[in-house]
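**Q** okay, sequence plus prediction incoming.
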Amino acid sequence: PDGRRTIDYKEYLGLEKLLDAQTPASKTPDERVFITTHQLFEIAFKQMIFDLSVVAETFTAILHIDDDAQLKKICINDEDQNFWLPAVSASNRLRFTSEIVLPNFFSYLDKSNNINTYGETFSSAEYLKFRPYLPPASGLQSAQFRVIQRAFCKGKLFELRLFPAQEYKQDYDGERNAPQLVKITSETIMRDAFVNKNQTGDSKLKNIAKIDDLAHEVLKKLARFVDEQKIIQIRKISGIEVENAVEQFRRILSIHRKHQEIEGVMPNDAGDFDEKAVANFREDLMKIVIEENTRRESFNEAQKTAVYLSENAPNISLTKILNQLVATDDALHGSDDNSFLSRHLQMAADRIRDVQETARMVGKVEQPAGTGGGGVPYLINIKNNLVPLFPFLVAFR
């Protein structure tokens with residue numbers, strides 16, 4: 001009231017809550033960096049979700065412009081930099097976060113190139129001590145990453161009954177002997193996380209989930225200002241790709257059964273269960289593939305604008321934003337060794353192998369599955385056979 005400014009650094013940043021958010025489940029020192037690293041990921045994800053909302057709001061604003069002269073002035077002639085500035089900055093941050101920030105966070109936990117300089121920053125021997133306290137908690141439960149994946153056109157994969165839910169059923173619901181494969185967004189896995197709430201209402205999350213559709217609609221709307229372009233038919237997902245994914249899924253189940261057989265715990269009805277699981281997986285995958293291929297049939301006008309922008313207007317704001325979004329998708333989901341999924345897969349594989357070797361040295365047996373019951377084979381199938389089927393902004397690539 002007297003004009004004084006009383007806010008301080010701690011209050012502005014909410015440091016009291018932030019720095020009190022690390023609660024280890026054990027007394028093992030290395031668990032602290034394990035928690036901190038995952039929290040760093042989640043903070044970065046939160047920033048990415050905010051930035052995606054800025055871009056989505058910009059695309060929505062374009063779709064609400066009814067005056068053709070104004071639309072052309074803003075989008076084609078690029079005459080209103082104030083309109084574009086928030087989305088340009090946000091898309092730049094998205095790419096920077098996915099290409100630079102997230103991969104660097106992995107360096108705390110994985111066997112990075114820095115190990116020869118700094119030594120091991122996270123010990124598998126120490127991890128083995130606190131790992132038993134973690135199940136069924138798992139990175140699969142990162143609701144924020146699912147929101148980001150939905151934005152980059154991977155949400156259709158959430159419809160696949162793919163993930164083992166027995167660990168979650170037993171620990172969360174007290175259900176024993178209930179083998180089941182569920183969708184990644186199942187409440188069995190995600191609990192009450194907000195990832196399942198972004199399809200209804202007028203929330204920003206709903207807008208983020210539609211950002212691929214919004215971008216294609218913007219391109220389609222601008223086609224009226226573009227001369228005819230030579231376009232190539234947008235590639236559809238093939239039956240061979242579907243069968244490859246199904247066969248890989250079958251292999252995963254087979255590997256799981258071999259481990260059970262060695263341990264003497266394979267159920268008598270395992271064969272029937274697996275055949276039904278494969279049939280369900282094929283049915284789910286075919287359904288989303290048909291929907292996606294049908295969606296791509298409507299992208300001719302969008303592709304016409306995309307070709308024009310790439311060849312004739314590569315330096316305008318809209319083109320830059322779209323390029324940054326595509327680069328972000330590739331940095332998160334691409335086949336490059338440094339993509340987020342690749343780094344996560346490599347880290348998980350190396351760490352589980354190390355933990356098993358460390359356990360054997362002390363006369364213990366450590367399971368190859370992740371703490372949520374999934375594990376490396378599931379990550380491989382998702383990264384190599386499923387995610388590539390659904391690239392972001394397919395008409396612009």
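**A** Received, thanks. Numbers count the residues shown, from 1 in each chain.
**Q** just checking, next helix/strand downstream of the strand or helix carrying Arg95?
**A** In the assignment (DSSP states H and E), Arg95 maps to helix 81-96. Per DSSP H and E, helix 81-96 leads on to helix 102-106 as the next helix or strand towards the C-terminus.
**Q** show me what that next one is packed against.
**A** helix 30-63, helix 340-361 (3 or more Cβ pairs under 8 Å, 6 or more residues apart in numbering; DSSP states H and E). Any C-beta I mention is one placed from the backbone N, CA and C, and that applies to glycine too.
**Q** restricting to C-alpha, output that helix in PDB.
**A** The C-alpha coordinates for helix 102-106 follow below in PDB (Å, rounded to 0.1, in the frame of the first residue of the first chain):
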ATOM      1  CA  LEU A 102      17.000 -32.700 -22.000                       C
ATOM      2  CA  PRO A 103      20.000 -34.700 -23.400                       C
ATOM      3  CA  ASN A 104      22.200 -32.900 -20.900                       C
ATOM      4  CA  PHE A 105      20.100 -34.000 -18.000                       C
ATOM      5  CA  PHE A 106      20.700 -37.600 -18.900                       C
END
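**Q** list the buried ones in that helix?
**A** The neighbour-count check on helix 102-106 (16 or more other Cβ atoms under 10 Å) flags Leu102, Pro103, Phe105, Phe106 as buried.
**Q** list of residues touching it?
**A** For helix 102-106, the external contacting residues (Cβ atoms under 8 Å, 6 or more residues apart in numbering) are Thr37, Leu40, Phe41, Ala44, Ser112, Ala331, Leu332, Asn338, Phe340, Arg343, His344, Met347.
**Q** before we move on, back to that, would you mind writing the CA trace of the helix holding Arg95 as PDB?
**A** This file holds the C-alpha atoms of helix 81-96, laid out as PDB (Å, rounded to 0.1, in the frame of the first residue of the first chain):
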ATOM      1  CA  GLN A  81       6.300  -9.200 -36.100                       C
ATOM      2  CA  ASN A  82       4.500  -8.400 -32.800                       C
ATOM      3  CA  PHE A  83       1.900 -11.100 -33.700                       C
ATOM      4  CA  TRP A  84       4.500 -13.700 -34.200                       C
ATOM      5  CA  LEU A  85       7.100 -12.900 -31.600                       C
ATOM      6  CA  PRO A  86       5.700 -15.000 -28.700                       C
ATOM      7  CA  ALA A  87       5.300 -18.100 -30.900                       C
ATOM      8  CA  VAL A  88       8.700 -17.700 -32.500                       C
ATOM      9  CA  SER A  89      10.400 -17.500 -29.100                       C
ATOM     10  CA  ALA A  90       8.400 -20.400 -27.800                       C
ATOM     11  CA  SER A  91       9.200 -22.600 -30.800                       C
ATOM     12  CA  ASN A  92      12.900 -21.700 -30.500                       C
ATOM     13  CA  ARG A  93      12.800 -22.800 -26.800                       C
ATOM     14  CA  LEU A  94      11.000 -26.000 -27.700                       C
ATOM     15  CA  ARG A  95      13.800 -27.000 -30.000                       C
ATOM     16  CA  PHE A  96      16.500 -25.900 -27.600                       C
END
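**Q** next, count neighbours for the closest residue to Thr58 other than its chain neighbours.
**A** Counting by Cβ to Cβ, 6 or more residues apart in numbering, Thr58 lies nearest to Ala87, which is 3.9 Å off, once chain neighbours are set aside. Neighbour count for Ala87, taken as other Cβ atoms under 10 Å: 24.
**Q** can you map out the strands along the stretch 151-300 of the chain?
**A** Listed in chain order, the strands of the stretch 151-300 of the chain (DSSP state E, counting those that start in this stretch) span 163-164, 181-182.
**Q** which of these sits most buried?
**A** The highest mean neighbour count among the strands of the stretch 151-300 of the chain, using mean count of other Cβ atoms under 10 Å, belongs to strand 163-164: a mean of 22.
**Q** that one pairs with which strands?
**A** Sheet pairing of strand 163-164 (DSSP bridges) gives strand 181-182 (antiparallel).
**Q** what about the partner strand, distance to the chain center?
**A** How far strand 181-182 lies from its chain's middle: 19 Å, per Cα atoms, centre = their mean, to the nearest Å.
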